[in-house]
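K.L.:
Fold the following.
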Amino acid sequence: MSLKYSSTTADYLVWSDAMNLIRKLTKDDNYKISLLIALGCFTGLRISDILALRWKQIIDTDEFTVTEKKTGKQRTIRLNPQLQEHIRECYEHINPVGINAPILVSQKGAVFSIQRINIILKEIKKKYKLKIKNFSCHSLRKTFGRQVYNMNSENSELALVKLMELFNHSSVAITKRYLGLRQEEILQTYESLSF
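P.N.:
Below you'll find the predicted structure:
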């Protein structure tokens with residue numbers, strides 16, 4: 001948790017580190033958090049929207065639609081075959097009370113709170129020695145954005161426009177700042193100077 005009245009910015013995980021983490025969590029039988037991280041990284045949904053998901057929305061489907069809590073706008077998400085397979089595997093191991101149940105339920109039977117998820121992520125960062133400074137729920141959404149940007153680096157402006165639409169940002173400049181690209185560009189200016 002951050003200190004009262006302080007601000008921290010979530011950082012993104014390098015994609016390969018995120019995928020390795022999903023595999024390690026599955027291997028360690030931590031299917032709930034593995035699923036959380038997979039959904040966050042592959043969909044770019046905010047944590048509030050992930051926590052609102054029910055199994056019937058994501059199991060045995062290649063597409064689902066959510067109404068985002070923050071914006072009230074509808075968003076359709078396409079699930080690739082590997083993610084569909086991971087969802088099925090998690091479903092079988094978690095063995096929820098039913099298809100209508102929320103996907104992320106604590107041992108007490110309640111949906112995890114955002115605060116609890118952040119505590120769990122901090123513990124995971126430490127346990128798996130993740131190379132990330134500020135790891136929180138929002139890191140998953142940023143990991144998604146950074147991977148989409150990196151995969152489309154040959155046409156980075158188009159990638160930024162796509163992400164601007166997906167994230168519902170009002171400008172590409174906001175998306176660049178959100179992904180940390182603006183700060184990287186500024187810092188690279190210092191590196192370009194020579195003696």
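
K.L.:
which stretches of the chain form helices?
P.N.:
Shown for the chain, the helices assigned by DSSP state H span residues 15-27, 31-43, 47-51, 55-58, 81-94, 114-127, 137-151, 156-167, 172-179, 181-191.

K.L.:
Would you map out the domains in the chain?
P.N.:
15-140, 152-191 (automatic domain parsing).

K.L.:
Output the contacting helices and strands for the worst-scoring helix or strand of the chain on mean pLDDT.
P.N.:
One helix or strand of the chain scores below all others by mean pLDDT, DSSP states H and E: helix 181-191, with a mean of 70. Here helix 181-191 touches helix 172-179, going by 3 or more C-beta pairs under 8 Å, 6 or more residues apart in numbering; DSSP states H and E. Using the backbone N, CA and C atoms, a C-beta is placed for each residue, glycine as well.

K.L.:
averaged over its residues, what pLDDT does the helix it packs on have?
P.N.:
Averaging pLDDT along helix 172-179 gives 86.

K.L.:
So what touches that helix?
P.N.:
12, 142, 145-146, 149, 157, 160-161, 163-164, 167, 169, 182-183 (C-beta atoms under 8 Å, 6 or more residues apart in numbering).

K.L.:
mind saving the C-alpha coords of the least confident helix or strand of the chain as PDB?
P.N.:
The C-alpha trace of helix 181-191 is given here as PDB (Å, rounded to 0.1, in the frame of the first residue of the first chain):
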ATOM      1  CA  LEU A 181       6.600   6.500 -23.300                       C
ATOM      2  CA  ARG A 182       6.800  10.300 -22.800                       C
ATOM      3  CA  GLN A 183       9.100   9.900 -19.800                       C
ATOM      4  CA  GLU A 184      11.300   7.400 -21.700                       C
ATOM      5  CA  GLU A 185      11.600   9.800 -24.700                       C
ATOM      6  CA  ILE A 186      12.600  12.700 -22.400                       C
ATOM      7  CA  LEU A 187      15.200  10.500 -20.500                       C
ATOM      8  CA  GLN A 188      16.700   9.300 -23.800                       C
ATOM      9  CA  THR A 189      17.400  12.900 -24.700                       C
ATOM     10  CA  TYR A 190      20.000  12.900 -21.900                       C
ATOM     11  CA  GLU A 191      21.500   9.700 -23.200                       C
END
